[in-house]
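Engineer: here is my input; please provide its structure:
(chains A and B)
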There are 2 protein chains.
Amino acid sequence: MGRHDLEYPKEATNTIKRENDRAVYALKTIHNIVNSCQILHVSFNTSSQPFPVILPMIGHMGSFDRPSAGLGDPLDLYLHGYVSSRIMNLGRAGAEEGMPVCIAASHVDGIVLALSAFSHSYNYRSAVLFGHATLVEDEAERLYAMELITDKVVPDRWRHTRLPPTKAELQSTGILKVRIASGSAKMRTGSCHDDRQDMGNEAIQNEVWTGVLPIHQTMGEPVPSSYNRIDVPGYIAEFANEFNTDNKQHSLDVSRD
Amino acid sequence: MGRHDLEYPKEATNTIKRENDRAVYALKTIHNIVNSCQILHVSFNTSSQPFPVILPMIGHMGSFDRPSAGLGDPLDLYLHGYVSSRIMNLGRAGAEEGMPVCIAASHVDGIVLALSAFSHSYNYRSAVLFGHATLVEDEAERLYAMELITDKVVPDRWRHTRLPPTKAELQSTGILKVRIASGSAKMRTGSCHDDRQDMGNEAIQNEVWTGVLPIHQTMGEPVPSSYNRIDVPGYIAEFANEFNTDNKQHSLDVSRD
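Structural biologist: Residues are numbered from 1 along each chain as shown, chains lettered A, B, ... in the order given. You can find the predicted model right below:
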């Protein structure tokens, strides 16, 4: 991390206490984990039940006011959903500052197998953001977010679909904007580690396989719909290719110390 | 689903309203999604901040009282963590019935690309459980859960590690048991679907690729540690092989209508 990289301030809400050598507060790292995660888990409270609620949602970090902002800049999180869903209604009804939410993004990069079950672990990248969610009303900002989220799923997809959106499509889609209050990430890389006593145990060393099972997401061959008429376009093929190459390489890179 | 499969009762907490044709309440389906998910997202509230908190954790459904119970039977969720972590302390300090938590488990099976960006979707399997978490004190139940969770990550791994656990290992590991109050799952399968108007739009049909990009988790070649002495054992090779075959096949199976 460069000297001038922005970090989320360490406060009571976001400071990682356990294994804090794995903690990262750099905006760039945290935003990158969030943006590369296909499903975000968004948690919020309702007044009608004792349990917090988690929804799997699609979202992406961006800045409508400063679209050229980079991953290491302060950004908002945009989430989309059905306009009359509970979370959208809560975002609409919330106090002026918005509904308090927590967002988690997690990637598994490998299974770490040690001599002792208690030294087992995952290689992973995990980010958590805390913030206040409000419903976006401005039509230009809503369109910005819709394009942002579509292109998150497949880069450059938005302009390759039927445009502009219909009135019905716009009316049925709600956009939540989360102003980030704080955040943190936690990551593990490398091979397994065992206690000195187990390392000196010849019988166990000769019996137990130790190392990492790398895990990565793979995109299979595109499956055309029954009404598709064209070949897989370059922007999709390139995306799938990069997705597979980068994910596989990353899982291997972190499998060794 | 068979006629006699148990379901979580539909109550205010767990009833799915949007796209409720994708909703599933069968215990077997929900528990299977949770058990096959490597990282569970667990949400809880603290008294010191307005935001709910999400932690990525490892957990598995089981029944200590009836270890032979099947996936379709009422089960508890066991989670493990560092003994003095915040969530363990909250589970210890909670009221008698336990701390209210929500647990989410999500799998992405594919990206669904339609003519309109607003008809895009994921193929996915997603489960949510609500329940009350308490710290397990009984040593036999704690050991049951530690074995359950270890074997969740790699089947049959527990008995292939250095046993028994040391006193320090046992003392540093906390086990939370979540008594499930309710739950639900939501799933999408199949290819894309578009509105009639887009289906009749020749220009768009000739320009936009439609179909599914199947996505599945892949386990790469095992990477031995610097101190590993043995070949990859059969139970690991078989697990990796099944993991890869089953995941890939599932993502393909759901890519067509």
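
Engineer: identify all contacting residues around the one helix or strand residue A:61 maps to.
Structural biologist: Applying DSSP states H and E as the criterion places residue A:61 in strand A:59-62. For strand A:59-62, contacts defined as C-beta atoms under 8 Å, 6 or more residues apart in numbering or on different chains pick out A:31, A:34-35, A:40, A:42, A:69, A:71, A:75-80, A:103, A:144-145, A:148-149, A:152, A:178. In this view, the C-beta of every residue, glycine as well, is placed from N, C-alpha and C.

Engineer: adjacent strands (with direction) for the helix or strand following it?
Structural biologist: Sequence-wise, the next helix or strand downstream of strand A:59-62 (DSSP H and E) is strand A:76-82. Sheet partners assigned to strand A:76-82 using DSSP bridges are listed as strand A:59-62 (antiparallel), strand A:173-188 (antiparallel).

Engineer: buried stuff in strand A:76-82?
Structural biologist: A:76, A:77, A:78, A:79, A:80, A:81 (16 or more other C-beta atoms under 10 Å in any protein chain shown).

Engineer: on that earlier part again, which of the contacts of strand A:59-62 count as buried?
Structural biologist: A:31, A:34-35, A:40, A:42, A:69, A:75-80, A:103, A:144-145, A:148-149, A:152, A:178.

Engineer: look up the pLDDT of the nearest residue to residue A:182 once chain neighbours are set aside for me, please.
Structural biologist: Computed as C-beta to C-beta, 6 or more residues apart in numbering or on different chains, the closest residue to residue A:182 that is not its neighbour in sequence is residue A:14, at 4.1 Å. Here, the pLDDT recorded for residue A:14 equals 89.

Engineer: hey, where'd the strands end up in chain A?
Structural biologist: Assigned by DSSP state E, chain A shows strands spanning A:23-24, A:40-44, A:53-57, A:59-62, A:76-82, A:99-113, A:121-135, A:173-188, A:211-219, A:223-224.

Engineer: got the ones you listed as a markdown table, with distance to residue B:50 and mean pLDDT columns?
Structural biologist: Listed next are the strands of chain A as a markdown table, based on distance: least, C-beta to C-beta, whole Å; pLDDT from 0 to 100:
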| stretch | distance to residue B:50 | mean pLDDT |
| --- | --- | --- |
| strand A:23-24 | 22 | 90 |
| strand A:40-44 | 11 | 97 |
| strand A:53-57 | 15 | 96 |
| strand A:59-62 | 20 | 98 |
| strand A:76-82 | 17 | 93 |
| strand A:99-113 | 4 | 97 |
| strand A:121-135 | 9 | 97 |
| strand A:173-188 | 9 | 96 |
| strand A:211-219 | 34 | 98 |
| strand A:223-224 | 44 | 98 |
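
Engineer: got the contact list for residue A:136?
Structural biologist: Contacts of residue A:136 (C-beta under 8 Å, 6+ apart): A:78, A:142, A:145, A:175, A:176, A:177.

Engineer: the closest residue to it other than its chain neighbours - how many residues pack around it?
Structural biologist: Of all residues not flanking residue A:136 in the chain, residue A:175 sits nearest, at 4.3 Å (C-beta to C-beta, 6+ apart). For residue A:175, the count of nearby residues is 25 (other C-beta atoms under 10 Å in any protein chain shown).

Engineer: equivalent analysis for residue A:151, please.
Structural biologist: Taking other C-beta under 10 Å as the definition, residue A:151 ends up with a neighbour count of 16.

Engineer: show me the contacts for it.
Structural biologist: By C-beta under 8 Å, 6+ apart, the contact list for residue A:151 reads A:157, A:158.

Engineer: got a pLDDT number for it?
Structural biologist: Per-residue confidence at residue A:151 stands at 98 (pLDDT).

Engineer: how much space between it and residue A:158?
Structural biologist: Distance of residue A:151 to residue A:158, given as C-beta to C-beta, to the nearest Å: 5 Å.

Engineer: if we can go back for a sec, residue A:208: which of the contacts of residue A:136 is nearest?
Structural biologist: Set against residue A:208, the nearest of the contacts of residue A:136 by C-beta to C-beta is residue A:78 (46.7 Å).

Engineer: need the contact list for that closest one.
Structural biologist: Contact analysis of residue A:78 by C-beta under 8 Å, 6+ apart lists A:59, A:60, A:61, A:62, A:136, A:145, A:148, A:149, A:175, A:176, A:177, A:178.

Engineer: next: residue A:207.
Structural biologist: Going by C-beta under 8 Å, 6+ apart, residue A:207 touches B:160, B:230.

Engineer: any idea what the residue nearest to residue A:136 is bridged to?
Structural biologist: Taking DSSP bridges as the rule, residue A:175 bridges to residue A:80.

Engineer: no further queries at this time; thank you.
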